[in-house]
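Trainee: Build the 3D model from these lines:
(2 chains)
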Amino acid sequence: MTRRPKSARKSKASRAVLAKAARAKGRRAHRELRARNPLDDLVDAAARALDLKLEPAWKAAVKTNLEITLRLAGLFADFPLPDDAEPAPIFWA
Amino acid sequence: MNTAWAQASEIAAAVREGRTSASAVVRAALAHIAADDPVLNAFTAVLGERALGRARALDNARLEGRELGPLAGVPLAVKNLFDIAGLPTLAGSKINRECAPAPRDATLVARLEAAGAVLVGALNMGEYAYDFTGENVHYGPSRNPHDVQRMTGGSSGGSGAAVAGGLVPVALGSDTNGSIRVPSSLCGIFGLKPTYGRLSRAGTFPFVASLDHVGPLARSVTDLALAYDAMQGHDSEDPVCANRPVEPVAQLIERGSEGLRIAIAGGYFRDVAFADAQTALTRVAAALGATAEIELPEAKRARAAAYVITAAEGGALHLARLRERADDFDPAVRDRLIAGAMIPAAHVVKAQKFRRWYREQVLALFAKVDAVLAPATPCTAPLIGQKTFVLDGVELAVRANLGIYTQPISFIGLPVVAVPVPLQPLPIAVQIIAPPWREDVGLRIAYALEEAGVVAAPRPAPARGKAGA
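Mentor: So this is what the prediction gives:
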């Protein structure tokens, strides 16, 4: 077995430092992910799924519009209706 | 006869009786458009040759002793989402300029011309009708004749400007969430959004199939009724056009409001409005002796559901264009449509289910009353470009909130007449809401108010020479 040159070897202490840094980086990434508005993910994923080109400059406005729409949807989403309530997709007055 | 500000009914009578000719009326209208439209920006196409040809044909018919229709010689203009033979149907967009020219006129254009009207042009509108402002990034904003620095309201902004500015006595618009009633309010004219399915949408560019209505705007109730009567009737070209008999109203409106039970919409419709909207409503209610308040249950949720359905259907309609031509949309419209395409289906289905529930609750109210009064817009015309207004300390977006009172009504297809109260310095309208298929009730009340001098389309100073564009 060929031994690595001494200069390439890391001491136990330096390996521990690197591992700690990696863990910190992982925690940071996790925090950032959690801090990221889930709507960002929805917008990105929906754009990909719908094959929509979404310029970075448009994204904030699209997200804001979706946010407003979902907030309004929240006004009726929990409104109690029976399972057999009929929708009115073609509306007859 | 000076026909520039004459009512359609007066023009038609004069043409039929030979006191003026259709050609003279149309020439005067074209001259008025040439003088004032550079400021008002109501028209996207003026059809001088076609209009003069049509007018000559009417004059010849009269000379030959043939009877002319109830709209003989009346200049007409239509929102540019109506098909006009030989023109691409723009629907306010840049993209549709590349569409093939329409092979024939929309059903309602053909019916109005069959009644003697003369189409003089196509009118500006918000892109793809997704708009309450009358602004348009491609064609410029239509301008309010009462203050050209202010919005017309939309999306039938050109229709509002053309009628209020005296360029034509009658115009057609479409109303998905308020696009006839909002410009009627901000421009101070009368507008009729009929019952969903009453008037044919064949030959119009759609927006939200389950909410799209079409109807007339005019400067008097009589003119609204004449135009409406000429357009009624089943049309197999529009799958949702009801197969009902024609129910003329022009002969009924003089019955007025006597015997009708009229209430004021409370709750949601009283909560958020500037003083002008409340003043207008109070004046109209007082003139009618209406004191009872009635609550349309869950109107706030109804408005939210209309908003969600609109966004989702609009996004779905334009999905291919959003993929291929996103850069050619008005950015404000594009971003709303993209967001609309991303709405989870569960919300849309729930909105449609809620819609039926809400309709049943509101229809039950009409057992107790014949009509309901509500503001048409929360405020008078905002400045062009204005993004927000502050009400009760809360900053609200202009674009979304101009329609807060109209959306819960069109959501369930009820007929509405918007009547203008001529406040100073700017007018504002009140909605008269009637049960399904009872446009006659709304128009009778509107006529009574007009006769009492409570509502009227105020005549602005000529737009020419004003600093607009």
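Trainee: tell me which element A:Gly74 is part of?
Mentor: helix A:56-77 (DSSP states H and E).
Trainee: same deal with B:Ala100?
Mentor: Here B:Ala100 sits in a region with no helix or strand, counting by DSSP H and E.
Trainee: Run through the residues that contact it.
Mentor: B:Pro88 (Cβ atoms under 8 Å, 6 or more residues apart in numbering or on different chains). All C-beta spots, glycine's among them, are computed from the backbone N, C-alpha and C.
Trainee: Let's see that with 10 Å instead.
Mentor: B:Pro88, B:Thr89 (Cβ atoms under 10 Å, 6 or more residues apart in numbering or on different chains).
Trainee: Same question for B:Gly413.
Mentor: Listed by Cβ under 10 Å, 6+ apart, the contact set of B:Gly413 reads A:88, A:91-93, B:193-198, B:210-211, B:213, B:240, B:355, B:359, B:436-437.
Trainee: avg pLDDT for the longest helix seen in chain B?
Mentor: Identified as the longest helix of chain B according to DSSP state H is helix B:345-365. The average pLDDT within helix B:345-365 is 97.
Trainee: Would you mind naming the helix or strand containing the residue nearest to the spatial centre of chain A?
Mentor: Nearest residue to the geometric centre of chain A (Cα atoms, centre = their mean): A:Asp41, 3.6 Å. Using DSSP H and E, A:Asp41 maps to helix A:38-49.
Trainee: starting at the chain centroid, how far to that helix?
Mentor: 8 Å (Cα atoms, centre = their mean, to the nearest Å).
Trainee: And stretch B:454-469, by the same measure?
Mentor: Offset of stretch B:454-469 from its chain centre (Cα atoms, centre = their mean): 18 Å.
Trainee: Of all the residues in it, which ones are buried?
Mentor: B:Val454, B:Val455, B:Ala456, B:Ala457, B:Pro458, B:Pro460, B:Ala463, B:Lys466, B:Gly468 (16 or more other Cβ atoms under 10 Å in any protein chain shown).
Trainee: among the residues you listed, which are in helices?
Mentor: Per DSSP H, those never map to helices.
Trainee: Which one of those residues is nearest to B:Ala22?
Mentor: Nearest to B:Ala22, judged by Cβ to Cβ, of these is B:Ala457 at 23.4 Å.
Trainee: contacting residues around that closest one?
Mentor: Contacts of B:Ala457 (Cβ under 10 Å, 6+ apart): B:5, B:7, B:163-164, B:166, B:184, B:187-190, B:217-220, B:223, B:419-420, B:422, B:427, B:450.
Trainee: Now list the buried members of those.
Mentor: For those, a burial check counting by 16+ other Cβ under 10 Å picks out B:7, B:163-164, B:166, B:184, B:187-190, B:217-220, B:223, B:419-420, B:422, B:427, B:450.
Trainee: now, which of those residues lie within helices?
Mentor: Per DSSP H, the buried ones among the contacts of B:Ala457 map to helices at B:Val163, B:Ala164, B:Ser184, B:Cys187, B:Asp223, B:Glu450.
Trainee: measure the first one to B:Cys379 for me?
Mentor: What that stands for is B:Val163. 21 Å (Cβ to Cβ, to the nearest Å).
Trainee: now the third one
Mentor: With distances taken as Cβ to Cβ, B:Ser184 is found 14 Å from B:Cys379.
Trainee: Could you count how many residues lie near the closest residue to B:Gly18 other than its chain neighbours?
Mentor: Counting by Cβ to Cβ, 6 or more residues apart in numbering or on different chains, B:Gly18 lies nearest to B:Arg62, which is 6.7 Å off, once chain neighbours are set aside. If you count neighbours by other Cβ atoms under 10 Å in any protein chain shown, B:Arg62 ends up with 19.
Trainee: which element is B:Arg62 on?
Mentor: Per DSSP H and E: helix B:48-63 holds B:Arg62.
Trainee: rewinding a little: pLDDT for the buried residues of stretch B:454-469 - can I get that in JSON lines?
Mentor: Formatted as JSON lines, those follow (pLDDT from 0 to 100):
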{"residue": "B:Val454", "pLDDT": "98"}
{"residue": "B:Val455", "pLDDT": "98"}
{"residue": "B:Ala456", "pLDDT": "98"}
{"residue": "B:Ala457", "pLDDT": "98"}
{"residue": "B:Pro458", "pLDDT": "97"}
{"residue": "B:Pro460", "pLDDT": "96"}
{"residue": "B:Ala463", "pLDDT": "84"}
{"residue": "B:Lys466", "pLDDT": "78"}
{"residue": "B:Gly468", "pLDDT": "57"}
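Trainee: which ones among the residues you listed are found in strands?
Mentor: Using DSSP state E, no member of those sits in strands.
Trainee: I figured B:Asn136 hits B:Ala161, correct?
Mentor: No - between B:Asn136 and B:Ala161 there is no contact under Cβ atoms under 10 Å: 11.9 Å.
Trainee: between these two, what contacts are shared?
Mentor: Counting by Cβ under 10 Å, 6+ apart, the common neighbours of B:Asn136 and B:Ala161 are B:Asn41, B:Asn124, B:Ser142.
Trainee: and these, which are buried?
Mentor: Buried by 16+ other Cβ under 10 Å: B:Asn41, B:Asn124, B:Ser142, out of the shared contacts of B:Asn136 and B:Ala161.
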